[in-house]
Every structure is written in C-alpha cells, then in structure tokens.
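Chemist: Let's see this in three dimensions:
(one chain, ligands or ions: 1)
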Amino acid sequence: MTECILNEGWEIVADPENADIIVINTCSFIQDAYKESAETITEMRRLKEEGQCKGIVVSGCLPQRYSTTVHTRFPFVDAFLGPDHIMEITNVIKNIMDGQRNIILAGETPSKIFEPSGKRRVVFSQGAYAYLKIAEGCNHFCSFCTIPSIRGRYRSRSIASIVREAENLLSAGFRELNLISQDTFSFGYDTGETITDLLRALSKLGNEFWIRLLYGYPCGLTEELLNVIAESDKICRYFDIPIQHASEKILKLMNRSHTVPFVKNMTERIRKILPNAVIRTTCITGFPGETNKDFEELHKYIIENQFDHLGVFVFSPEKDTKADSLPNRVTREEAEKRREILMLTQHDIMEKKHTSLVGKTDTLLVDSIEEGKRGRIKGRTMRFAPEIDGMVYIKKTNSAIKRGSFVPIIYTKLVDYDMEAEVFYEGRK
Ligand code: SF4
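Modeler: Predicted coordinates:
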C-alpha cells in the first residue's frame, strides 16, 4: 500500500496531525482487536473536525468483517477498503480530495495476492527487522477463528517476488526478515513451490542477515524443513508454532483434530535435529467444553515441553464461528484463572531457561541505540523475535556499533523478560 501511495507522488507522514488523508489499517479477528481499531478510528474523527485532515480511510479486516454496517457505525469515515482493494488506495484518495464520500470497497471474500517489489515500501519498524508477507488467507478453518472468512483461502506469493522484496529490504539496511502469513509452513501449497524452496532461495542472498519464520501450523513441520533450517546459518533456530491446546478432545472441538499427533511430539522432533532450538507456542484457555481435566492436560503439556516463549489467550466467542454455538461455555473468570496459572508456570520455566544463558555467548542484532552517553544498545539474538519476546541490552562502548550491526555478546543477567549482556571479545576471561 505504501509503495503505491509513494509512486503516485504522495508523501507519508508519521503524525496524523499533519496528514491530509488519514489511513487506518485495522485488525478485527476478535472483539478486543475490533475495540482497539474502533477506538483509533474514533480518535481520528477529532482531527478531521478540527485539523487539516480532509478524509479518513479505514482499510483491512474491520471493513471486511463488518462491510454491511461500517458506514452506520462510523459515518464520519470517507472510505472503507477490504483486503482485496488495498491497491486502489490512490484512486480512493484522489476521489476523496475531489469531494467523493461513502466509498465502500469490501465484503466479497478476498482472493487476491499482491506481489509488491518493496522498492519504495515504507517499513514501520523500530529496529533492524522487517516483516515479509509470503502468503495470505487460511485453509484450516479452526472452529474459533474468523480469519478464513475475513481473509479468504490460502494463496501464496511467488518465490521470485519474495526474493526481490527481500533484496530491497536488505539494501535498505534491514538485517532480519520475518516471514509471515497465517501459516508460513504451508507456503506454496497452491503454487507448487514449497517453504523449503523459499528458504533455500533466501539463504543464497549475499549479505549477513537472519530469516525468521513466524506462525507455522503444527502439521507443516516436516523433517525436510527441520533439515533446511539446520543447514543454514541464516535461518533462526526459532519455531513459532501455535498449538492452541493439548487435550485431544479440545483440539477436535477446535477443528484442529489432525494436529493431535503433531502436537504430542512436536518439541521432541524439533530438539532431536536442533537441540538448541528456541520454541514459542500459543494456546487458548476456556474453550467451550474445557473441563478441569482438559486444562490439567494442557498444563502438564506446558510443563513437560518447556517452551522458551508462551502466549496464552482467553477464548473469545466470535459470532459466525462454530465455536460460538458450542455448549458448555467456561466462564470468563474461570478462563482467566486458567490463563493466569499457565502464565505463572511459564514464568518459572522462562526464568530457569534464561538464567541458564548467563555466561553463554551469542550474536546480537542491534535494533536501536538510546540517546546520551549512558544510553544502552538494544537488540535481539536469534532467541528473541521482535515485538513479542524480550530484548537484549548491552552498554554503549563502541561507536562503531550501529543499528543493524551484528555484535558478539556474552549474557550477564536476566531482568524480567529481557537479558543484559556485554560485548564478548576473544580471549576474555
Ligand atoms: S490456522 Fe490460524 S488463521 Fe487459520 S483458522 Fe486456525 S487459528 Fe485461524
């Protein structure tokens, strides 16, 4: 989207106070995300009434999910664009500037896949990392999830276009490419290419950089994928695989029945080939029908598998999903209590795992450098994904260290979810 806005001669400003047109890209797959998006849209109304803003455009999942009611919910918004209409943004801006209002381009199930070059893409990143979308949509139809109906069926970009975009991001100074989609392991399912083909192609790019795979569906974790990751020093030994639950009964109710055998021995399979792999997962508490016994099974699984990072979400009943009509609802209070139990357990696991890193060496990718003499250098090692995991901090000692530098470090201390470290010099005692 940013690429075509720039190509049409518009400038992108970070502060909405200075914008002629405010574009709000939204998420709306659960009610909490909808509320957050709705709050932002409502906040922007003031700028249109009082400031220089001449029009508001809302794009993404919210107008797609609520295409028939958005205009009554947000009558002050000038245009709504669903995922398939994002590239029409420049025409829409032109039409708004010409006085047109009430533009709604959303509703039909999305089926397009965009192949941006990334040459003029604006990356809203706080660090040396960028996200690289490799596919869109999802074919899994988990019973609690609205994403397949909002984003459509799974469709992959071509390897050639992803490699082109990766080259442009690397030339622009980004040193970590985070491959994202609703299920990265299924990449190429619809085109005949595969995720391992993509990883091999990206690994051949010249510069020093990292590739990180985010959001893999458990049964896409093949032996070949593990071996390709093991063979390349550019691919983070980092696995982000949401399991959602560990009870067979609940996995079936979630319509993730075919993941049962994959979930059961997932960490074992990864650690057999990559003993030092970092594994992140997410799960849901309070899914309809989750008894104490089911929850205990999940709790036991979390203890036994010792994940490095864990996200726990309370079940969110969403209209138009199968899970919304399932019997035996768990109260919100109980679901939150179960979430809390898992988070406390995970805190102990994390503390033990991260404390054991003290004294070990690693490579830090510098994301940013704080201002002032006493400012610190902030970055991440392969162990920590941007925005969801912790950070690693070192003291500012060497002016040659810049954003995007790779620095050898030795971990010195755990501070909450973050680590402190020092620059590691060969021969250091
Ligand atoms: S795999 Fe993820 S995106 Fe796809 S339906 Fe399941 S939860 Fe939703």
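
Chemist: what's the closest non-adjacent residue to Ile89?
Modeler: Met1 (5.6 Å; C-beta to C-beta, 6 or more residues apart in numbering). Every C-beta, even on glycine, is put in place using the N, C-alpha and C of the backbone.

Chemist: ok, which residues in the stretch 201-350 of the chain are in contact with the ligand?
Modeler: Near the ligand, the residues belonging to the stretch 201-350 of the chain are Tyr217 when assessed by C-beta under 6 Å from any ligand atom.

Chemist: Tell me which stretches of the stretch 201-350 of the chain form strands.
Modeler: Listed in chain order, the strands of the stretch 201-350 of the chain (DSSP state E, counting those that start in this stretch) span 210-213, 238-240, 278-285, 309-314.

Chemist: how about JSON lines for those strands, with mean pLDDT and mean neighbour count added?
Modeler: Output for the strands of the stretch 201-350 of the chain, formatted as JSON lines (pLDDT from 0 to 100; neighbours: other C-beta atoms under 10 Å):
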{"stretch": "strand 210-213", "mean pLDDT": "98", "mean neighbour count": "23"}
{"stretch": "strand 238-240", "mean pLDDT": "98", "mean neighbour count": "24"}
{"stretch": "strand 278-285", "mean pLDDT": "98", "mean neighbour count": "22"}
{"stretch": "strand 309-314", "mean pLDDT": "98", "mean neighbour count": "19"}
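
Chemist: Give me the domain ranges for the chain.
Modeler: Taking automatic domain parsing as the domain assignment, the record places the domains of the chain at 2-105, 129-355, 361-423.

Chemist: Would you format these as TSV with distance to Ser111 included?
Modeler: Rendered in TSV, the data for the domains of the chain read as follows (distance: least, C-beta to C-beta, whole Å):
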stretch	distance to Ser111
domain 2-105	7
domain 129-355	5
domain 361-423	29
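
Chemist: Could you export the strands of the stretch 201-350 of the chain as TSV, including distance to Thr397?
Modeler: Compiled in TSV, these are given as follows (distance: least, C-beta to C-beta, whole Å):
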stretch	distance to Thr397
strand 210-213	23
strand 238-240	27
strand 278-285	27
strand 309-314	29
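
Chemist: From the structure, what's the count of residues near Gly216?
Modeler: Number of residues near Gly216 (other C-beta atoms under 10 Å) recorded here: 21.

Chemist: for the one 3 residues further on, same thing?
Modeler: As a burial measure, Cys219 scores 19 neighbours (other C-beta under 10 Å).

Chemist: Kindly provide the distance from the closest residue to the ligand within the stretch 151-300 of the chain to Ala14.
Modeler: Residue of the stretch 151-300 of the chain nearest the ligand, by C-beta to the nearest ligand atom: Gln182 (4.0 Å). Spatial separation of Gln182 from Ala14 under the definition C-beta to C-beta, to the nearest Å is 28 Å.

Chemist: the more surrounded of these two?
Modeler: In this view Gln182 and Ala14 are compared by other C-beta under 10 Å, and Gln182 has more residues nearby, 18 against 8.

Chemist: Pretty sure Gly220 is one of the things that one touches, is it not?
Modeler: No - proximity of Gln182 to Gly220 does not meet the contact threshold set by C-beta atoms under 8 Å, at 11.6 Å.

Chemist: residue ranges of the helices in the stretch 251-400 of the chain, please?
Modeler: Ranges of helices in the stretch 251-400 of the chain, per DSSP state H, counting those that start in this stretch, are 260-264, 266-273, 292-305, 332-355.

Chemist: Give me the below-cutoff pLDDT ranges for the chain.
Modeler: Scanning the chain with the threshold set as pLDDT under 70 gives 117-118, 120, 426-429.

Chemist: Quick check: closest non-adjacent residue to Lys300.
Modeler: For Lys300, the spatially nearest residue (C-beta to C-beta, 6+ apart) is Ala246, at 7.7 Å.

Chemist: whoops, Met266 was the one
Modeler: Of all residues beyond its chain neighbours, the one nearest Met266 is Pro218 (5.9 Å), with distances taken as C-beta to C-beta, 6+ apart.

Chemist: how about that neighbour, what does it touch?
Modeler: If you count contacts by C-beta atoms under 8 Å, 6 or more residues apart in numbering, Pro218 has them with Ile241, Pro242, Ile243, Thr259, Phe262, Val263, Met266.

Chemist: Looking at those, point me to the pair that's furthest apart.
Modeler: Pro242 and Phe262 (11.9 Å; C-beta to C-beta).

Chemist: Can you pick out the residue with more neighbours from these two?
Modeler: Pro242 (20 against 17).

Chemist: Would you mind confirming that that one is in contact with Ile284?
Modeler: No - shown here, Pro242 and Ile284 do not form a contact pair, counting by C-beta under 8 Å, at 9.1 Å.

Chemist: quick one: what helix or strand has Asp32 in it?
Modeler: helix 31-50 (DSSP states H and E).

Chemist: Would you check how far apart Cys219 and Tyr34 are?
Modeler: 30 Å.

Chemist: Which of the residues in stretch 269-276 are classified as buried?
Modeler: Neighbour counts over stretch 269-276 (16 or more other C-beta atoms under 10 Å) mark Ile270, Leu274 as buried.

Chemist: which residues touch that stretch?
Modeler: Under C-beta under 8 Å, 6+ apart, the answer for stretch 269-276 is Leu221, Glu223, Leu226, Asn227, Ile229, Ala230, Arg237, Phe239, Ala277, Ile279.
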